[in-house]
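Colleague: Task: produce atomic coordinates for the following.
(3 chains)
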Amino acid sequence: MVKRTTNLVVALALMVAVCAYLAWGKPTNVVGLFVVSGMAVGSLYALGGIGLVVLYRATGVLNLSNGAIGALGVMFAWQLQQWDVPHVATWIVGILTTTALALIYGRLIAPGLAWRDPVVKAVATLGYALIILGMTAFLWEDDVRKFALPSDKIAYMILGMRVTLTRLIVILAAIGIVVAVWFYLSRTRTGLNMRALADNRDISALIGIPIVKTETIAWGISGLIAGFTGLMFGDLVRLEPFVITFMVIPAISAAICGQLKNLGVVLVAGICIGVIESLLTLHPFLKSVRPMAPFVIAILVLVWLQRGRMNYFAGN
Amino acid sequence: MKMTVSARVGLILAALAFVFLPMVLGGQWIKILISTGCFIIAASGVAFMYSRLGMVSLGQVALMGVGGWVMLRMNHAFHLPFEVNLAVAGAVTLMFGWLLAMPALRMRGLYLALITLMAAGGLEVIFSTFRFPNGGEGFWGVMPSVAAPFQRPLLATEDSDYLRYIIFWIVAAFLIIEMHMRTAPGRAWAMIRRSEAAAYSSGVNVVYYKAWAFGLAGFLAGISGGLLAGGLGLLDPATFRASESIMLFALMVVGGSRGWLGVIIAGILYRVVPALFNDWTIDADLALVIFGAALLHAIITAPNGLSGQLLDLIAKLSKRT
Amino acid sequence: MKKTILASLVAVGAISATSGVYASDAVCGLNNGQPATGKPIKVGGIFGNAAPGDFSSATDAAAAYFKCVNDNGGIQGRPIQYMVENDQWNPELAAQAAAKLVKDENVVAMVGNASFVEMSVNAPLYAQSNIMAMASGCAASECFESSNIVSTNQGPLPSSVGAAMYAVEELGATNVSCIGMAIPSVGNWSCGAAKDYMESKGLSGSYVLLNPASPDVNSALLEAISSGADSILVNLPAGLAIAFLGAAEEQGLADGYTWTSSTPLYDASVPGALGEYWEGKMFISAELTTIDGDGADNQNWLKVMDSYANPQDPRDTFSQSGYLSAKYFVETLNKMDPAKLDDRAAVTEAIQNINGYTSDLTCGPYYVGKADRHMPNHAGIMVGLKDGAFHVVRDCFEYEGPYFEPLKAAEKKLGLR
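Modeller: So this is what the prediction gives:
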């Protein structure tokens, strides 16, 4: 516990120091704009990271196809809107589609790889990502599209920056998912099973935990989150399948900061990454390599977390 | 040193390819095989790290980019022979490999893979922001007009000779790895793979040999990046995306990591198959679907890779006759 | 090759059924109604089509025009065999495609090329093989600054300078911030020229570069605003531009600033994607005439497309540009010595001698000449958004600024001024 607190304190202190360095000598109102804007982007990283961690904890699969699944969902929702289907229905269908896609992988493909190296499991999901991405790109040719939500029209002023309701929904949803998953894991029977599965798959199987059922639920939840994330990315980033698909790579960096297990840290880390990335705009040289922020931060966090370990005994 | 059957077959095939391939192929196929060859060298680095040490590198293609960048930088800055530039590219990338090794030494499994992926993601941003030198001024060496001429090796200025040059390097890369396997590093790696603690307690310098492995993989990536730069005369950041590094690793798993055949299969899947799909005018997106499905299928059904399946098949057939 | 298989099957049926009917309408090559016979003349073309963009409409239009020419006397009676390859934005595939066409198939020229990467990769090969590429969709500096490539389209540089000129002359801008992609041969090059233009007029200019890898477009918007600009020039690919303008809409910035854009936003899907908010506020530089332009040549392009192209092929700027390149190529070869039509050196020389072709599709004359750089098209029009469609707000005007001075001097020498 002490170690954990030190970690958090050190991380936050460093974060504040970096932000102060970048913002030094700039008018406060400008800095405020960049901070708010960064939080908005960071919440997207956090949301992506949370989706990855929820599944990883329960099944040991780092699902690189999360982005592709979400992209297909939002493209489908967009298509339905073009056909004048009521908007609420399109969102539901979009999210149901992603849930189905995640379940297909979870039930049909993942079991065949259950006993393989975690890296191979992760890499296999890339194959699934390519299938879905290829189909999505084939069905919807490259074109200029826009996916809008009604909440885009409602905005609030925060530190001089207009923030749409959609962006607030992202942050609130991220917090909501973290809390809900925490409750689910700690208070329900299937949540307990998931934790057992995450700790040790073999022993869980031995003591009679219904592995298939538990994992199916986990895949379903991750599909729901991927669908919601896809809708948000389609609205706030760009409605382009390739862009949404590969958003998964910076999202991994937020997941890494939470050591692929601590959802709260993933949330905070995602937002911090976004703020630093945004504030880098104020730096004359580093602004051109701003998108490196997630990766550099993830590497620093990994190095920091491994600091006590001897070089001889590498661990997971 | 004793030669295994597989090594003999490999060397004979390489010799045949060296003599005949450039003679029978047209300009397009020579280009395709030049690219393929470069990625085979890079894949050999990933494969030995995975099969001998159980270490996963998801940053190999990004490291190739480093090698390619240095190669182009050297080419446009000085008028040194190709081989000197290639050696510098290999050496610098080797050091990058070490740099990557520093945080990576304390990790294994998924974390190690992810830290290499994060490095690849960072390099992707650098490449796409600063591009590759094409003969311009300054450190980054980029100018808006067409790239300045690239000086290929004196022996291989034509594409067909350059393909021979690449085949030579593929054989050299395999031999370098094989040499390591048969000497002290190979033994140390075998111990480390079993148990780092056991290796440490029996006097193996774990840090030294792990760093060595990273360096070797980096060196191979650097050489292959340099050779790829030579093939085109310039490089584009799209080649070195982080997702490409994941892809190369995935195809190496599909091909099989234990022998030369698997690495060759990985290279063919990575560069020849997409070129074929393009030549058959299969939609680029559908090609992606086919590719993804094949990847998934191969990973699930062939735990030892396609090369393992192929060798089993050959063994079965030879038993029957 | 993006069109779905089903669509192309339908299209094949449609073309074979209708081409006879419409063929008399479209004017192509010798226009004598005689099918071309004999040994075909081999011509190549390379386009890029994979995410994030599809440039195939240029080669599609060139192919349609060549088909029409083959039905109408061909090139001095001989048919054109047009071979196109996709580079998928991959430099290695681009080099392979060029090796196939130039080395293995021995094409006499490249026509209709449209790509981000192909020209940069293959320019040395074209120079070395002494072959000309009459490109239609150049998007990066390398394409304009090379000896053996000449493009009908303008590319990002002239297009942004045109937008900046409009902002200054018609919208009263004094400080333009150009938003470009963080790619030296695209963003820095074109936004740099827009900045030079501003400075040459004694005004201020700056640019903000956006990394396409970043999901965050807000920061670039904030950076542009904090630069003190009163006008913003969006010089991004359409998808990214829509995202950027979405962020601007979120901040409610359309009224506080004047807004212009380079050509990528001149696309049929853009008004729908931008929505009402930008009506009357966004002005876009078009490189060629409008898609529905009523000039004879533009109408002929539409007819050729209707009769010989796939109904799904987009009718856009690149399509116009591909048609024009193909048309100029056929015109040039029809004037050549028939014995030399298969001689690459002779064809190259004939193309290099092109001097002063005109069309209502472009504002200025088309010429090639022997030079290290080619940019014949550096005058254009501006369109505005109104009622969900584009309307011309300023007709042909020639771009100014330091970048064009050497080009204008060269044109004087050729007797075009």
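
Colleague: Stretch A:58-72 close to chain B?
Modeller: Yes: residues of stretch A:58-72 contacting chain B under Cβ under 8 Å from any Cβ of the partner chain: A:L62, A:L64. Where C-beta positions appear, they are placed from N, C-alpha and C, glycine not excepted.

Colleague: Just the CA coordinates for that stretch, please, in PDB.
Modeller: Provided in PDB are the C-alpha atoms of stretch A:58-72 (Å, rounded to 0.1, in the frame of the first residue of the first chain):
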ATOM      1  CA  ALA A  58     -10.700 -11.600 -16.800                       C
ATOM      2  CA  THR A  59      -9.300 -13.500 -19.800                       C
ATOM      3  CA  GLY A  60      -5.600 -12.700 -20.200                       C
ATOM      4  CA  VAL A  61      -6.200 -11.500 -23.700                       C
ATOM      5  CA  LEU A  62      -5.000  -8.000 -24.700                       C
ATOM      6  CA  ASN A  63      -7.500  -7.400 -27.400                       C
ATOM      7  CA  LEU A  64      -5.900  -5.400 -30.200                       C
ATOM      8  CA  SER A  65      -9.100  -5.700 -32.200                       C
ATOM      9  CA  ASN A  66     -11.000  -3.500 -29.800                       C
ATOM     10  CA  GLY A  67     -10.600  -0.500 -32.100                       C
ATOM     11  CA  ALA A  68     -11.500  -2.300 -35.200                       C
ATOM     12  CA  ILE A  69     -14.700  -3.700 -33.600                       C
ATOM     13  CA  GLY A  70     -15.600  -0.200 -32.400                       C
ATOM     14  CA  ALA A  71     -15.000   1.200 -35.800                       C
ATOM     15  CA  LEU A  72     -17.300  -1.300 -37.500                       C
END
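
Colleague: Enumerate the positions of it that are buried.
Modeller: Within stretch A:58-72, the residues scored as buried using 16 or more other Cβ atoms under 10 Å in any protein chain shown are A:58-72.

Colleague: Run the chain-centre distance for that stretch.
Modeller: Mean-position distance between stretch A:58-72 and its chain equals 10 Å (Cα atoms, centre = their mean, to the nearest Å).

Colleague: Tell me the residues of the stretch 101-250 of chain B that contact chain A?
Modeller: Contact residues (Cβ under 8 Å from any Cβ) of the stretch 101-250 of chain B with chain A: B:103, B:105-115, B:117-119, B:121-122, B:125-126, B:129-130, B:196-197, B:200, B:206-207, B:242-243, B:246-247, B:249-250.

Colleague: Which PyMOL command selects the buried ones in those residues?
Modeller: Selection of buried members from those for PyMOL, criterion 16+ other Cβ under 10 Å:
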select buried, chain B and resi 103+105+106+107+108+109+110+111+112+113+114+115+117+118+119+121+122+125+126+129+130+196+200+206+207+242+243+246+247+249+250
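
Colleague: Just to be sure, which of the residues of the stretch 101-250 of chain B next to chain A are found in helices?
Modeller: If you go by DSSP state H, these have B:103, B:109-115, B:117-119, B:121-122, B:125-126, B:129-130, B:196-197, B:200, B:206-207, B:242-243, B:246-247, B:249-250 in helices.

Colleague: touching chain A at all, stretch C:286-299?
Modeller: No: figure legend: stretch C:286-299 not in contact with chain A (Cβ under 8 Å from any Cβ); closest approach 15.2 Å.

Colleague: Put the alpha carbons of that stretch into CSV.
Modeller: Output in CSV follows, covering the C-alpha atoms of stretch C:286-299 (Å, rounded to 0.1, in the frame of the first residue of the first chain):
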residue,chain,number,x,y,z
ALA,C,286,-10.6,24.6,-56.7
GLU,C,287,-7.8,23.5,-59.0
LEU,C,288,-9.8,22.9,-62.1
THR,C,289,-13.2,24.2,-63.2
THR,C,290,-16.2,23.2,-61.3
ILE,C,291,-17.6,19.6,-61.8
ASP,C,292,-20.7,21.0,-63.4
GLY,C,293,-18.8,23.6,-65.4
ASP,C,294,-20.6,24.2,-68.8
GLY,C,295,-17.4,24.6,-70.9
ALA,C,296,-17.3,22.4,-73.9
ASP,C,297,-14.4,20.4,-72.6
ASN,C,298,-15.9,19.9,-69.2
GLN,C,299,-19.1,18.7,-70.8
